[in-house]
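# here you go, sequence then predicted model.
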Amino acid sequence: MPEQGLRIANLRCRVACNEILKGIDLSVEPGRVHALMGPNGSGKSTLAFSLTGHPLYEVSGSVLLDGEDLLSLAPDKRARAGLFLSFQYPAAIPGVKVANFLHAARQAERPGDPLSPGKFRALLLEKMDQLGIDPSFMGRYLNDGFSGGEKKRLEMLQLAVLAPKYAIMDETDSGLDIDALKDVGSSIAALRETDEGRNTGFLIITHYPRILQYIVPDVVHVMIDGRIVKTGGHDLAHRIEREGYDKIREESAAVA
């Protein structure tokens with residue numbers, strides 16, 4: 001039986017001839033929460049897009065998803081294998097209703113487990129109730145006129161409906177006020193209490209430690225200049241909040 005987990009080894013990425021990722025080693029286990037922190041420009045989002053298959057990125061190294069070679073798969077097949085990406089800036093699509101989008105997304109990612117419109121509606125209402133989302137959300141156009149908090153809550157609903165094996169949350173806290181941040185944190189906590197969500201592994205990418213007040217990570221990694229330079233427990237996030245990234249940058253430079 002293959003070893004479970006999203007296992008990244010010596011991952012490198014070049015974008016327009018510039019090396020951004022310089023040998024990333026990181027593993028996310030089922031049911032565990034890993035936080036990836038770092039200053040702007042350190043390569044955090046590049047890692048997210050490298051894993052999900054950005055067409056302009058030159059990627060080398062190894063990424064296994066429950067033993068399956070992820071880098072050999074097209075982006076849509078990576079999603080079907082169980083990888084989910086929450087975008088920092090979700091796109092608006094006027095004319096496409098939320099319910100229709102989510103139904104199409106689930107059918108595409110689970111072609112072997114189709115749901116009739118009636119059964120899908122029941123599933124969607126169940127997930128919206130779990131997340132405290134008003135049913136009127138279903139009839140709105142995708143992210144059209146949504147506030148920042150509403151866009152993020154829609155992504156949490158998409159996550160609940162698709163129930164992936166591993167979820168990458170790329171700066172989900174970006175642009176959120178404190179109330180919206182609490183809502184997102186509560187949504188992820190609620191998802192992790194469900195039967196399907198209990199085994200989902202999370203990689204939460206963030207610049208600031210504030211979201212980690214509401215989603216307590218099992219492991220915290222710090223990325224600087226395309227490398228993971230430090231790994232620790234939740235207390236590492238508190239240290240970053242107190243001292244910033246410069247102290248860790250100095251320590252990593254001294255070791256190198």
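Yep, that arrived. This is a predicted model, so every value here is computed, not measured.

# so which bits of the helix or strand of the chain with the lowest mean pLDDT are buried?
The least trusted helix or strand in the chain, going by mean pLDDT, DSSP states H and E, turns out to be helix 178-191, with a mean of 82. By neighbour count on 16 or more other C-beta atoms under 10 Å, the buried set for helix 178-191 is A180, L181, D183, V184, G185, S186, S187, I188, A190, L191. From N, CA and C alone the C-beta is placed, and that goes for glycine too.

# going by distance to V15, which of those residues wins?
Among those, V184 lies closest to V15 (C-beta to C-beta), at 28.4 Å.

# how about that closest one: what's its closest non-neighbour residue?
Spatially, and ignoring its direct neighbours in sequence, V184 is nearest to K152 (5.0 Å; C-beta to C-beta, 6 or more residues apart in numbering).

# need the contact list for that neighbour.
Contacts for K152 (C-beta atoms under 8 Å, 6 or more residues apart in numbering) come out as S86, P90, T172, L176, A180, D183, V184.

# select, from the residues you listed, the two members most distant in space.
P90 and D183 (15.2 Å).

# need the contacts of K152 in a markdown table with distance to D76, can you?
A markdown table is the format used below for the contacts of K152 (distance: C-beta to C-beta, whole Å):
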| residue | distance to D76 |
| --- | --- |
| S86 | 17 |
| P90 | 18 |
| T172 | 22 |
| L176 | 29 |
| A180 | 30 |
| D183 | 30 |
| V184 | 26 |
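
# buried residues in stretch 65-72?
Quick answer for stretch 65-72 (16+ other C-beta under 10 Å): L65, D66, L70, L71.

# circling back: which of the contacts of K152 lies closest to H221?
Comparing those against H221 with C-beta to C-beta places T172 closest, at 16.5 Å.

# what's in contact with the strand or helix carrying R121?
Using DSSP states H and E, R121 maps to helix 117-131. With C-beta under 8 Å, 6+ apart as the test, helix 117-131 has contacts from 99, 102-103, 106, 115, 134-135, 137-138, 153, 156-157, 160-161, 187, 190-191, 194.

# which of these count as buried?
99, 102-103, 106, 137-138, 153, 156-157, 160-161, 187, 190-191.

# out of everything not next to it in sequence, what's closest to G233?
V220 (6.6 Å).

# correct me, but the one you found touches I228?
No - the pair V220 and I228 does not pass the contact test of C-beta atoms under 8 Å, sitting 10.5 Å apart.

# helices of the stretch 1-150 of the chain, residue ranges please.
Secondary structure of the stretch 1-150 of the chain (DSSP state H, counting those that start in this stretch): helices at 44-52, 75-81, 98-109, 117-131, 148-162.

# so of these, which one's packed in deepest?
Of those, the one with the most neighbours on average (mean count of other C-beta atoms under 10 Å) is helix 44-52, at a mean of 22.

# how about the helices in the stretch 151-256 of the chain?
Along the stretch 151-256 of the chain, counting by DSSP H, counting those that start in this stretch, helices occupy 178-191, 234-243, 246-255.

# now those in CSV, with distance to I205?
Shown next, in CSV, are these (distance: least, C-beta to C-beta, whole Å):
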stretch, distance to I205
helix 178-191, 14
helix 234-243, 13
helix 246-255, 17
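
# wait, which of those is closest to Y208?
The nearest among the helices of the stretch 151-256 of the chain, by C-beta to C-beta, is helix 234-243 at 8.0 Å.

# average pLDDT for the closest one?
Throughout helix 234-243, pLDDT has a mean value of 91.
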